[in-house]
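# compute the structure for the input listed below.
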Amino acid sequence: MLRPCTMATLLLVDDNAPLRELLEEALQRYGFDVISAHGPVEAIDAARRHNGEIDLAVVDVILPQMRCCDCVSELRMARPGLKLLYMSGFPPDVARARGGITDEGAFIMKPFTPAALLKAVTQALAT
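Residues are numbered from 1 along each chain as shown. Coordinates of the predicted model:
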């Protein structure tokens, strides 16, 4: 089983509860601390309230309540320099357009395996 090189805290944002729970479980098995949020409002609140570092936000591109780009903007106001890993069932160009994303954050396309998620998270943390 692969392990991350260093402990990191991740903010996981996905409105699909069963999927979010599976992702959270997999990331915790790999040794990450995970703050789980079911949507952008909860994620922004968690980013503002969390006392420690948040190293990476793993964000579903299609979110309820607000566009992904607006959520990410708020997250970065609360956490300047926050690294991002976007995830979507749409190809990257379609997902970025639908979410209003203009930056070049890392991207992983759903569905993916836990090993692929670990690789994407590790690469996003290294950038």
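
# pull out the buried positions in the lowest-mean-pLDDT helix or strand in the chain.
In the chain, no helix or strand scores lower on mean pLDDT, DSSP states H and E than helix 92-99, which sits at a mean of 89. Buried positions in helix 92-99, judged by neighbour count with 16 or more other C-beta atoms under 10 Å: Ala95, Arg96, Gly99. Every residue, glycine included, has its C-beta placed from N, CA and C.

# helices of the protein, residue ranges please.
Taking DSSP state H, the helices of the chain run over residues 17-29, 40-49, 68-78, 92-99, 114-126.

# now do the fourth one against helix 68-78, angle only.
Relative orientation of helix 92-99 versus helix 68-78 (axes from the mean of the first three to the mean of the last three C-alpha atoms, to 10 degrees): 80 degrees.

# I'd say Ala120 and Met109 touch.
No - if you go by C-beta atoms under 8 Å, Ala120 and Met109 don't touch, sitting 9.7 Å apart.

# name the residue in the two with the higher neighbour count.
Using other C-beta atoms under 10 Å as the criterion, Ala120 and Met109 rank with Ala120 on top: 20 against 15.

# who's in contact with that one?
By C-beta atoms under 8 Å, 6 or more residues apart in numbering, the contact set of Ala120 is Leu85, Ala106, Ile108, Phe112.

# please redo it, this time with the cut-off set to 7 Å
Ala120 makes contacts with Leu85, Ala106, Ile108, as judged by C-beta atoms under 7 Å, 6 or more residues apart in numbering.

# what do you get for Leu82?
Contacts of Leu82 by C-beta under 7 Å, 6+ apart are Ile54, Ala57, Leu75, Arg76.

# most neighbours among those residues, which one?
Neighbour-wise, these (other C-beta under 10 Å) top out at Ala57, 26 neighbours.
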